[in-house]
Every structure is written in structure tokens, then in C-alpha cells.
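Return a 3D structure for these sequence lines:
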Amino acid sequence: MWDGTLTRARLTIRGAVQGVGFRPGVFRLAKELGLAGWVNNSCEGVFVELEGSHLQVQTFILRIEKEKPPCSFIQSFETSWLDPVGYRDFVIRQSDPSGPKTALVLPDIAICPECAREIFDPNNRRYLYPFTNCTNCGPRFSIIEALPYDRSQTSMHRFTMCDQCRAEYEDPLDRRFHAQPNACPICGPHLELWDLKGQALTRHHNVIVDATRGIEHGLIVAVKGLGGFHLMVDARNDEAIVRLRKLKCREEKPFAVMCPSLEAVLTECIVSELEQRLLCSAEAPIVLLRRNPSAANGRSNIGPSIAPRNPYLGVMLPYTPLHHLLLRQLRFPVVATSGNLADEPICTDEHEALDLLGGIADLFLVHNRPIVRHVDDSVVQVAAGREMVLRRARGYAPLPVALKNSSEPTLAVGGHIKNTVALSVGRQVFISQHIGDLESAPALTAFHRVIKDFEGLYEAPPARIAADLHPDYLSTKYAQQRGLTVVNVQHHYAHVLSCMAENELDAPILGVSWDGTGYGLDGTIWGGEFLKINNGGFERVAHFRSFPLPGGNAAVREPRRSAVGLLYEILGDRLFSMRSELLPLQAFTEPELLTIRAMLKQRVNCPRTSSVGRLFDAVAAIVGLRQRTGFEGQAAMELEFMLDPVEAENAYGVQLNSTPGFPAEADWHSMVEGILADVKSGCPGGQISTRFHNALVEAIILVAQHEEEERVVLSGGCFQNRFLLERAVRRLREEDIRPYWHQRIPPNDGGISLGQIVAAARTKA
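Below you'll find the predicted structure:
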């Protein structure tokens, strides 16, 4: 059995890592740990490849940031886990001078330790200055207007450096040498605190004092940050949090929290070493952390309305000088949620914020450094021992993914929800920041703006466009209107290809693509797919048994509809005589049930689906957990949260039915019968949930063995479920099957654009 003892990791390290002894430091540490591989300099930074045991490589990753040369600073640290190739020693390779010198746009970088010390040093000229930065930190992607990256082509060109800043900028020995956003209180941007009419109440550091006083008194403050506005309230004040929810029309979806320090996080959450590294990294994402049970029992500084019925918190640390100044003054956690209305992009301009957020915020903390493009906070979790990016934005975008072969410039316009776009230039695929759901006019405007921005920034007009197969997606309609060749890509095929691309995998391979919705080649709604990727495309070798969705799209927000459709597939019309026994039926009125019964019998507005996402919804409704949802994936999340570890090895039955000439069918019939029997007998919901999760994983094993495939790719939004992913990875390895999953590219629809680029590259023009 393959036990994963030998692995290869590729590290791409960008920042102040050249000319500071970084390569010799990497060499010494690799030798000490007994790792093989190589390190070299390139125009983009330092590249490292390591081979050894997973523990050795993980130890290297954790130690290199702590033991790096004192004059170095890591701006971004990308890790990809790959198959070993058989390195026998560790060497320093000759530097690679090839490649573009200025085409790489770095993400916005969290404040470095040196700048953080300066803003709290009363003897430093940048004391309490909220726009302090150097070559090692600060804004990049959010301020650049054009390449090459020079001050004159950023939003900082409006500010003329004073003599002292100019001297730093021109001194090769200074850490602010060619720091394009360099500024100080004399010559740089400044803060203002506005009322609801846009009148300045205070300026400069008094803004920090007055804004924090407002937060302390329960006010909602809109704060203009690095890539857009946050709405901030006291995370301890549940009344203020409930008020924010009501005004923002965000009934139950969790809010992110910004804590003043790592120590404050540790009092609220259980934090692993890898999660701690992510919190303190240059990317500084929101990290999903499990709550500390002791904090939940009366010792927490987090209001219960921040993440109702959720054992996890989305937590981040201050990542700009402004955030550090605010949180140092407050000394308690704050809600820091995106400054936007529902389904709209984050606000970036203070006057726009007054108009859009005036009905939510009480005060506006603004500044006069323009934000060129919106960039949300990234969201990350640790799953199966690795970092998994769930929302790719600040700190990560627009860093590229490299393909094995070069292709003509191609634009990919992504999906409909969690939209991102991507642009291929040679072998590099540049993936945009998170745009969001294309449900509103402002979101669609942002989508158009990002496309125009990317094409201009990289000076790469596309020769063709890749889009989703769904004809009604607004992104697909945009592609059809551009007048270029359009490559339509099946949704789940794109999911699998995105995972293959970041893991550098070639066909043939089995892809498992599970999510809520995707337009199928047969006109049904796919979402529980097993795709055999071959050199020419893909074959749908298996799928979950389909069932009807009464009301179609209405089922996305009403798990009770998925449950009724699933049960009708088994019980037929007899279902409607069992209302007293079944909670999903009880969630409807009698007139509603009559309508749904007629829809199902006449097959009107009842599209069939193989979706695993809808299976999750149906089970959540059957056990009485959730009949309606307030946000996407809520029922599935709550089903995951109720898992019972005692039931870890028990599973309901799933049968694989195979007919020559047709895709195999993973039949959930016996699983649903088992769930109904357990519900009737009063079995705890946690045990039912665990057996259900395990049954899904066993379906993967059945199909992989049926196809005699030794490599399996796991993709799609369902694999954001930590238990499902980790269980699948473990079971596949137990069966001598090698699993691959997402790391730096989201498994959800945020990764679709990358997969579309790969699909277009595999399609002959």
C-alpha cells in the first residue's frame, strides 16, 4: 500500500530573497533535514524543489520562514505538493535570467515587522502613520494602474515624495529603495473621519481615536482599507452585531473577525502550527479555525451572532498599518466584514461608499489614496494537512499558475457564482481576484471591469474566450457577445482540469467533481460526477442516480424541495400519504404540497439532477436540520458540523449499477432507506450525518476500483467539506489509490476559470 512516505514540494518564494543569502540558507536547512532537490534564483524570486518524507518537507516549510536570513523578507510563499521525481542530492542551481522582468504583478502584502515597529515608535518619523510601507510590504495589486510597476503608474503618483522619502527611495542600501508606495505624514495620504453627509469630523491620528471610540459605543464604522471597505463593529457587542446583520440583510451567514493579536486568537480558537503560520503570513488571509470549547463556555469575547450554530470562526490578524493602529487602540476583536450590499462587489471609493453604505454605517473612516481595483480578503482553511484556499483574493491574486505548454492568449470568464476570470499569457495563467456572484448589475459591472483591467494590465488581447456550457450564465452570454471564437466548457470538466493544472497532472486520470449545480451534456443538472479525463477530452464514466427537483432553482434555497424530490423517486405518489412521518413534508402547507405533487406527477418544472450538493440538502431536511437556507451551502455545512466521531467507520450502503454502453450509476436507494429507518427509530442526527458522509466516500472507492484507476482528482464545492475531503483522501490511500486535491486554487467555482483555460488549451483551434 502506498503510504506517502516520499513526496515532492515546489516552493515559489517572492520578496526580498535575492542578494541576502537566502539560497545558502535554503541549502543548509535542506541538507540538515536530509532533503533532496534544488534551489535557484529567477526573475520572479526563489524557486525550491524538495523531496523527502512529508514530515521532513513540512518541517522545512515551517522552519524556513523562522530561520530566513535577517535581511530577507518573504512577500509570498506558494506551496504545491507533487509526485516525486527521484532527486538524489540537494544543489544550488545556476540562476535563471529568462522570463519577463516586470510582467509579474505581486499581490498586496501584509505590513512587515520593521514597519510595524516604526508606527509604534514615538521617536520614528512615521510614528502612528497608517500608510507606512517599504519594499517588503504594502499595497501592490490594489494600486497599480499599468506595467511596469513604477510609482508613476500607481495611484501614488498623486503624492510627491518629500526630500527624506526621496532619499530613502534612491538609496540602494535602504529598505525603501524603489518602494513605489513610499510616503510619510509630510508627503503621503492621510485619514479623515466623515459623517453620513461626507463632512470631515476629524483628520489624521484623531481619526483613529474617534473611530475606535465609536466602535466602543456600538457604532458601525465603514473603514476604507487596502482593497476596499470593511464594516466594523465590536465583536463582543451582540446587539451591534445583530443590528449590522439586519441593516446588511445578512441573516445568518458568518461574519469574519479581526483579532488584535495572535494571543487573542488563541483564547478563542484551537490553532495548529500550520494555521498559525497562515494567520501570520504575508498573505494574511481569513483562516477558518475551530472554536475553543472553553471559550464557548462563557470565556469568549466573540458575540454569539457572529457565526450562529457554527463551530468555526473566520479569523484574521491586522494586515495594514491602519488595522494595527485601530486594533492596538481597541484591544478587542472586531467584526470586519466586506463593505458591500448583498451580492454586490466591495466598495472601493469613499463617495460610492457614502451612497451604498449610508444606510448601514454610522461613521466613515476614509483616506485619499485611490484604490485602483477591489480586492476582498482571502479565505483559507487547513484540510488534509495542507492549506486550501476557498476564496482567492488579497495576498494571492493575481499570482499565476504555470501550464506545461504555451498556448495562444485565452480569456476564461468563469461561472455564475464565486466568479473569477483568468487570462493565459504564454505558459502563465493569471487568475483574477474574487469577483463574486453575477446576480446584480453592480456585480456584472465589476466583472466587465476586471476583464478590461486584466487585458490592459498584461497587454494580451485574447484570441479566443472559454466559457461555461450553461447558455443562461451571464458570463457565457458575455463571451458570445465578444465576437471571438468561444470554447464552451462543461462545468465539472473545468473543475477537474483546474485541480489537475495546479497539481501538474496529465491524463488519463479519474476526476470526481461534486457540487450543487452544473449544466450537463444531456440537459440535466449534473453535480455528482465521475469523469475519466483522456487526451482528447473526457468521458462521463459514472454519476450519482438522478432525482427530480420540484421548483428547479427554488430548491437551492429550500432543502425541503430536494428532500421531496429524492423521496418521490423511491416512494412515488405514496410519499404524500406520509406527511406525519416526514419532516420535509411538514414544512409545506397542504396547498403547497398539492402543487408540488402535481408538478412531480406531470414532470413540470422538475429538472432531474445528480447533484451531491442537493443530496446534502435533502438529507439535512430529512433529519430535520434545515428546511430553508439563508445562504449557499448552509444545510450542507450544518450537516457537516453535527458529525459524530464515534460513528467514524460506519456507512450506509451505496450500490454501483453498471450497464454496458452507459455511465455507471451510484445508487443511493439503500442509503436513503437506511436514513429513513434511523430517523424513525430516533437515531441521533450526528450518527446519521457521519454514515451519510462515509457512504459518499465509499462511492468514490467503488467507481475508482470499477475503472481500475490508480489516480483520483477531487474537485468541486462539496470538497470544501473538511471531513469529506480528509475521509476520501484516507480511504483512497488505504486502497492504494493516489488522491489529489486543491491547494492554492479554490475547489469551488472560484477555480472554474483556470479549468476553462486548460480545456481551451486542450481544444484544437
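
Give me the distance between residue 121 and residue 79.
According to Cβ to Cβ, to the nearest Å, residue 121 and residue 79 sit 34 Å apart. Yep, even glycine has a C-beta here, placed from its N, CA and C like the rest.

what do you get for residue 526?
Distance from residue 526 to residue 79, by Cβ to Cβ: 32 Å.

ok, the two, which is more surrounded?
residue 526 (27 against 18; other Cβ atoms under 10 Å).

what sits against the closest residue to that one other than its chain neighbours?
Once flanking residues are discounted, residue 526 sits nearest to residue 520: 3.9 Å by Cβ to Cβ, 6 or more residues apart in numbering. By Cβ atoms under 8 Å, 6 or more residues apart in numbering, residue 520 lies in contact with 490, 526, 610.

In CSV: the residues you listed, plus pLDDT, distance to residue 670 and secondary structure.
Converted to CSV, the contacts of residue 520 look like this (pLDDT from 0 to 100; distance: Cβ to Cβ, whole Å; DSSP: H, G, I helix; E, B strand; the rest coil):
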residue, pLDDT, distance to residue 670, secondary structure
490, 98, 30, coil
526, 98, 23, strand
610, 98, 17, coil
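
would residue 487 count as being in a strand?
Yes: when DSSP: H, G, I helix; E, B strand; the rest coil is applied, residue 487 is found to be in a strand.

pretty sure it is touching residue 467, no?
Yes: under the criterion of Cβ atoms under 8 Å, residue 487 makes contact with residue 467 at 7.4 Å.

Settle it for me: which of the two has more neighbours?
Higher neighbour count among residue 487 and residue 467: residue 467, with 28 against 20, using other Cβ under 10 Å.

Doesn't the more buried one belong to a strand?
Yes: under three-state DSSP, residue 467 falls within a strand.

pLDDT score for it?
On pLDDT, residue 467 comes in at 98.

Next one: it from residue 498, what distance?
From residue 467 to residue 498 the distance is 15 Å (Cβ to Cβ).

And for residue 688?
32 Å.

which of those two has more neighbours?
residue 498 (32 against 24).

Next up, the contacts around that one.
By Cβ under 8 Å, 6+ apart, residue 498 lies in contact with 715, 742, 745, 751-752, 754-755, 758.

swap in residue 706?
Per Cβ under 8 Å, 6+ apart, neighbours of residue 706: 542, 656, 658, 664.

could you redo the last one with a cut-off of 10 Å?
510, 530, 541-542, 656, 658, 664, 666 (Cβ atoms under 10 Å, 6 or more residues apart in numbering).

And the spatially closest residue to residue 303 that is not a sequence neighbour, what's its pLDDT?
Nearest non-adjacent residue to residue 303, counting by Cβ to Cβ, 6+ apart: residue 238, 3.7 Å away. Residue 238 is assigned 97 on the pLDDT scale.

next one: phi and psi at residue 238?
Residue 238 has phi and psi values of phi -70, psi -30 when expressed as degrees, to the nearest 10.

do the one 4 residues further on as well
Geometry field for residue 242 lists phi and psi as phi -60, psi -40, criterion degrees, to the nearest 10.

Let me know whether it touches residue 303 as I believe.
Yes: using Cβ atoms under 10 Å, residue 242 is in contact with residue 303, at 8.4 Å.

Could you name every residue contacting both of the two?
Joint contacts of residue 242 and residue 303 (Cβ under 10 Å, 6+ apart) are residue 233.

These two: who's more crowded?
Legend: neighbour count by other Cβ under 10 Å for residue 242 and residue 303, higher for residue 303 (21 against 14).

So what are the sheet partners of the top strand by length along the chain and their directions?
Ranked by number of residues, the top strand in the chain under DSSP state E is strand 400-412. Taking DSSP bridges as the criterion, strand 400-412 forms sheet pairs with strand 422-431 (antiparallel), strand 464-468 (parallel).

What is the subsequent helix or strand relative to the longest one?
Going back to what we said before, that points to strand 422-431. helix 441-457 (DSSP states H and E).

how about that next one: buried residues?
The neighbour-count check on helix 441-457 (16 or more other Cβ atoms under 10 Å) flags 442-444, 446-447, 450-451, 453-455, 457 as buried.

With distance to residue 227 and pLDDT as extra columns, can I get these in CSV?
Converted to CSV, these look like this (distance: Cβ to Cβ, whole Å; pLDDT from 0 to 100):
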residue, distance to residue 227, pLDDT
442, 16, 91
443, 16, 93
444, 20, 94
446, 12, 95
447, 17, 97
450, 13, 96
451, 18, 97
453, 13, 93
454, 16, 93
455, 20, 92
457, 15, 88
